[in-house]
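[1] Here is a sequence with its predicted model. Questions after.
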Amino acid sequence: RRLQNLDQLLAAGAEQLGTSYAFVSHIADGTQEIVRSVGDEHPELQPGSRAPLSEAYCQYTLAADGTLDVTDAED
């Protein structure tokens, strides 16, 4: 039931922000791991996917001095 609620919350957030997917990640030891995701199938945003934090969007969010808007994630 909790995962279903989380999925609904992620889907609502994605809809509100106008994105095609949303995810929850865990960051430890310089690595980001996707814990849960909803929306379009994105190969790098599936549960269990890992990436160095240096390659994750989180680094930009943490460094930003305000709202961060990613308009072309692939670029």
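    That came through fine. Since this is a predicted model, take the numbers as computed values, not measurements.
[2] can you tell me which residue is nearest the centre of the protein?
    Per CA atoms, centre = their mean, the C-alpha nearest to the average position across the chain is that of residue 23, at 3.8 Å.
[3] per-residue confidence at that one?
    We note a pLDDT of 90 for residue 23 in this prediction.
[4] ok, now which ones touch it?
    Going by CB atoms under 8 Å, 6 or more residues apart in numbering, residue 23 touches 10, 34-38, 45. For glycine as for every other residue, the C-beta is placed from the backbone atoms N, C-alpha and C.
[5] In helices only, show me these.
    Among the contacts of residue 23, the residues falling in helices (DSSP state H) are residue 10.
[6] just to revisit the earlier point, tell me which element the residue nearest to the centre of the chain is part of?
    Assessed by DSSP states H and E, residue 23 sits inside strand 21-28.
[7] got the CA coordinates for that strand in PDB?
    Extracted in PDB, the C-alpha atoms of strand 21-28 (Å, rounded to 0.1, in the frame of the first residue of the first chain):
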ATOM      1  CA  TYR A  21       8.500  10.800 -15.100                       C
ATOM      2  CA  ALA A  22       9.400  11.200 -11.500                       C
ATOM      3  CA  PHE A  23      11.700   9.300  -9.100                       C
ATOM      4  CA  VAL A  24      13.000   9.000  -5.600                       C
ATOM      5  CA  SER A  25      16.700   8.400  -5.100                       C
ATOM      6  CA  HIS A  26      19.100   7.500  -2.300                       C
ATOM      7  CA  ILE A  27      22.500   9.200  -2.200                       C
ATOM      8  CA  ALA A  28      25.400   7.600  -0.300                       C
END
